[in-house]
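**Student:** quick check, what structure comes out for this input:
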Amino acid sequence: MHLSEISHPNQLHGLSIHQLEEIARQIREKHLETVATSGGHLGPGLGVVELTLGLYQTLDLDRDKVLWDVGHQAYPHKIITGRYQNFHTLRQKDGVAGYLKRCESKFDHFGAGHASTSISAALGMALARDMKGENFKVAAIIGDGALTGGMALEAINHAGHLPKTNMLVVLNDNEMSISPNVGAISRYLNKMRLSPPIQFLKDNLEEQFKHIPFVGETFTPEMERLKEGMKRLAVSKVGAVIEELGFTYIGPVDGHNLEELITTFKQAHEIPGPVLVHVSTTKGKGYAVAEEDQVGYHAQNPFNLATGKALPANKPKPPKYSKVFAHTLVKLAENNPKIIGITAAMGTGTCLDKLHAKLPKQYIDVGIAEQHAVTLAAGLACEGMRPVAGIYSTFLQRAYDQIIHDVCIQKLPVFFCLDRAGIVGADGPTHQGMYDIAYLRCIPNMVIMAPKDEGELQRMVVTGINYTDGPIAMRYPRGNGYGVPLMEEGWEAIPIGKGEILRNGDDVLILGYGSMVHPSMQTAEILSEHGIAATVVNARFVKPLDTELILPLAQRIGKVVTMEEGCLMGGFGSAVTEALMDNNVLAPVLRLGVPDKLVDHAKPDESKADLGLTPSQMAERILQSFKSKLSTVNV
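**Tutor:** Presented below is the predicted three-dimensional model:
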């Protein structure tokens, strides 16, 4: 059977180990060809090919439920669930999504883009199954990194107290340090533990002791220890912890041995209650370059499959915002030991790994634990340190209570640096940084700013470090800057709440925020071709808003346009409208931004075109909205 013939995972049933190994080879080939051409996540999917095939051999995917944590490790799942023919469209507009989406396939049982959600959702499905009297299997696959997330631990804690609720958790552990534990001895011990005699002895030990004269219903401490000793027969230290939490533990299992995986999963399904199978895998398996650089090849832009090297750009690009942020922070931290950079398992993504390389004592990676990261920063701030929390906009959502309760209420000087703010492109709805303006703006004591370019970002890093009256946040987009001149030192802080006028005109007032400032200037240029003179303001701050600058201009010009790369509801445009109303400035306002809809995966420029946020589209909307008021418009 060829991989292209598989449209349903149940077609794997009955295939020999040799046939499955051939399917595994073809999956890796398809995976590598696709990601090398269009980019995407590489290492995670390559590491779980055998795990996927082995697990699906033991499930009926017409009935049983599989939940993949995060989702970027589920490329093999997508390939064998009817998406082989379209897999070349991965992460492209109107193509196969990079993460799981319930609306994309009936086999995507739960959408996943953020980590640590799978066990909670799987437990919910298992409980619903039991409440309705149904009978199907539920399996959650979670990586060792995602297991550091508090939500995963909360779910394990809950599931462990439900001994009659059958569910399987597969721990995909690609941490190389556990490899010595994988081998003949481990397999033998698992075989022993799972054999019918040992299971019978463990499950019935207490009942048998009750019939011994003079023992009866009461166990002595010695007998309890004997019972626990039998229970822990052949269980590793990791397994002992898992079993203390109420799970039956199996592992570690060789995650690239199909025969062993199939046997183990079949046995696991027969064990009542929650079961955790610990599978050891190699991230990037089957592609030597990815195996050797597991961090660098977690995800890749298009690359040369033969060499593993990125395809050269057509022309040199300006530095990325993330790199400018990290470089500036490192320079400041070299002269200020109180500056502490904090990341939640995204050191490379946020470029804070540069701080780690230069000043390791001023760098903290808390793992996938954004809630802990924020409250940790609050604790550091209490003791006079200058914590800088570099977290993606979409991931900071996970720590919302901590932002309010632990930082803002106590007015602690934590500097939030929100990477990937705005439209992020191919990652799709789960990763779009649309909501940070709205969800931060409503919190008392919070200051929020956004740079118009990478040069202004440098000044805002200084502004954030210097501000000690409370929390302050800076949002900046994914991708490259504009190529403006950068400085190596001597940056000046920006006065809190102060914007700037970039262009003067009497016909319309355009207020740009952050990444939309340059497009607002381009829009003004297009309007000038129609005889419309626009004043363009770089707002810089959404809170506090520069009302001293904006209100007189709005009053005089009488027509206001706001531009933002974020949700319109509660965003920058809302802040401007509220300020005008509160100060009795009666001027019509056209708000341009992201409407109340999810933004799907596509290139950022494609998404902006769909949303009407290109300069030409925005100019046209301005002309149409103020047509009756712009007497000089040439129509």
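**Student:** what is the burial count for Thr485?
**Tutor:** No Thr there; residue 485 is Pro. By the criterion of other Cβ atoms under 10 Å, Pro485 has 6 neighbours. C-beta coordinates here come from the backbone N, C-alpha and C atoms, glycine included.
**Student:** for it, which non-adjacent residue is closest in space?
**Tutor:** Nearest residue to Pro485 in three dimensions, chain neighbours excluded: Gly455, at 6.3 Å (Cβ to Cβ, 6 or more residues apart in numbering).
**Student:** helices and strands of the protein: which one bottoms out on pLDDT?
**Tutor:** Across the helices and strands of the chain, mean pLDDT, DSSP states H and E gives its lowest value to helix 184-194, namely a mean of 47.
**Student:** still on that earlier bit, so the residue nearest to Pro485 sits in a strand?
**Tutor:** No: with DSSP: H, G, I helix; E, B strand; the rest coil as the criterion, Gly455 is located in helix rather than a strand.
**Student:** how close does it get to Glu525?
**Tutor:** 21 Å (Cβ to Cβ, to the nearest Å).
**Student:** and those two? Which one has more around it.
**Tutor:** Each of Gly455 and Glu525 has its neighbours counted (other Cβ under 10 Å); Gly455 has more, 18 against 14.
**Student:** OK, contacts around the more buried one?
**Tutor:** Gly455 makes contact with 481, 484-487, according to Cβ atoms under 8 Å, 6 or more residues apart in numbering.
**Student:** quick check: the most centrally placed residue in the chain vs Gly149, distance?
**Tutor:** Centroid-nearest residue in the chain, with Cα atoms, centre = their mean: His114, separated by 4.2 Å. Look at His114 and Gly149: by Cβ to Cβ, they are 9 Å apart.
**Student:** likewise Asn172?
**Tutor:** Asn172 sits at a distance of 14 Å from Gly149 (criterion: Cβ to Cβ).
**Student:** quick one: low-confidence parts of the stretch 401-550 of the chain?
**Tutor:** Residue ranges of the stretch 401-550 of the chain with pLDDT under 70: none are present.
**Student:** same deal with the chain?
**Tutor:** Applying pLDDT under 70 to the chain flags the ranges 175-238, 631-635.
**Student:** following the longest helix seen in it, which helix or strand comes up?
**Tutor:** The longest helix of the chain (DSSP state H) is helix 17-38. Using DSSP states H and E, the helix or strand that follows helix 17-38 towards the C-terminus is strand 40-41.
**Student:** quick one: contacts of that following strand?
**Tutor:** 34-35, 72-73, 75, 90-91, 98, 298-300, 426.
**Student:** from the contact counts, what lies against the next helix or strand after that strand?
**Tutor:** Using DSSP H and E, the helix or strand that directly follows strand 40-41 along the chain is helix 43-47. Helix 43-47 is packed against helix 17-38, helix 75-78, with contacts defined by 3 or more Cβ pairs under 8 Å, 6 or more residues apart in numbering; DSSP states H and E.
**Student:** out of the ones you listed, the one nearest Asp546 is which?
**Tutor:** Nearest to Asp546 among the helices and strands packed on helix 43-47 is helix 17-38; the distance by Cβ to Cβ comes to 42.4 Å.
**Student:** show me what that closest one is packed up against.
**Tutor:** So helix 17-38, by 3+ Cβ pairs under 8 Å, 6+ apart, packs with helix 43-47, helix 49-56, helix 75-78, helix 258-270.
**Student:** mind running it again at 10 Å?
**Tutor:** On a contact count with 3 or more Cβ pairs under 10 Å, 6 or more residues apart in numbering; DSSP states H and E, helix 17-38 meets strand 40-41, helix 43-47, helix 49-56, helix 75-78, helix 258-270, strand 299-300.
**Student:** those into a markdown table, with extra columns for mean neighbour count and distance to Leu168?
**Tutor:** Output for these, formatted as a markdown table (neighbours: other Cβ atoms under 10 Å; distance: least, Cβ to Cβ, whole Å):
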| stretch | mean neighbour count | distance to Leu168 |
| --- | --- | --- |
| strand 40-41 | 24 | 24 |
| helix 43-47 | 26 | 19 |
| helix 49-56 | 26 | 9 |
| helix 75-78 | 26 | 16 |
| helix 258-270 | 19 | 6 |
| strand 299-300 | 18 | 28 |
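**Student:** would you convert those into TSV that also reports distance to Asn10?
**Tutor:** TSV is the format used below for the helices and strands packed on helix 17-38 (distance: least, Cβ to Cβ, whole Å):
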stretch	distance to Asn10
strand 40-41	26
helix 43-47	21
helix 49-56	8
helix 75-78	14
helix 258-270	15
strand 299-300	31
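**Student:** those: which one's closest to Glu104?
**Tutor:** If you check each of the helices and strands packed on helix 17-38 against Glu104 by Cβ to Cβ, helix 75-78 wins as the nearest, at 8.5 Å.
**Student:** after that closest one, which helix or strand is next?
**Tutor:** Using DSSP H and E, the next helix or strand after helix 75-78 towards the C-terminus is helix 118-131.
**Student:** chain center to that next one, what's the gap?
**Tutor:** 23 Å (Cα atoms, centre = their mean, to the nearest Å).
**Student:** quick one: which helix or strand includes the closest residue to Thr148 other than its chain neighbours?
**Tutor:** Excluding the flanking residues, the one nearest Thr148 by Cβ to Cβ, 6+ apart is Gly367, at 3.6 Å. Using DSSP H and E, Gly367 is not contained in any helix or strand.
**Student:** could you count how many residues lie near Gly367?
**Tutor:** Count around Gly367 with other Cβ under 10 Å applied: 17.
**Student:** isn't it up against Leu153?
**Tutor:** No: Gly367 lies out of contact with Leu153 (Cβ atoms under 10 Å); the separation is 11.2 Å.
**Student:** overlap in contacts, these two.
**Tutor:** By Cβ atoms under 10 Å, 6 or more residues apart in numbering, Gly367 and Leu153 have these common neighbours: Leu147.
**Student:** what's the distance between Ile364 and Ala377?
**Tutor:** Applying Cβ to Cβ, the value for Ile364 to Ala377 is 9 Å.
**Student:** of the two, who's got more company?
**Tutor:** Remark: of Ile364 and Ala377, Ala377 carries more neighbours, 31 against 21, as counted by other Cβ under 10 Å.
**Student:** from Val414, how far off is that one?
**Tutor:** Between Ala377 and Val414 the distance is 5 Å, computed by Cβ to Cβ.
**Student:** which residues do these two both contact?
**Tutor:** Jointly contacting Ala377 and Val414 under the rule Cβ under 10 Å, 6+ apart are 342, 385-389, 402-403, 406-407, 471.
**Student:** among the residues you listed, which are in strands?
**Tutor:** 342, 386-389 (DSSP state E).
**Student:** quick one: which of the residues you listed is nearest Gly505?
**Tutor:** Val388 (38.3 Å).
**Student:** what's the nearest residue to the closest one if we skip its chain neighbours?
**Tutor:** Phe415 (4.7 Å).
**Student:** and that neighbour, how many neighbours does it have?
**Tutor:** By other Cβ under 10 Å, 28 other residues sit near Phe415.
**Student:** Asn466 versus that one, what's the distance?
**Tutor:** From Phe415 to Asn466 the distance is 10 Å (Cβ to Cβ).
**Student:** coming back round to it: shared neighbours of Ile364 and Ala377, anything?
**Tutor:** Shared contacts of Ile364 and Ala377, counting by Cβ under 10 Å, 6+ apart, come down to 340, 342, 387, 389.
**Student:** so what's the last one up against?
**Tutor:** Okay, so that is Ala389. Residues near Ala389 by Cβ under 10 Å, 6+ apart: 340-344, 350, 352, 364, 366, 370, 373-374, 376-378, 380, 396, 399, 403, 407, 414-418, 471, 473.
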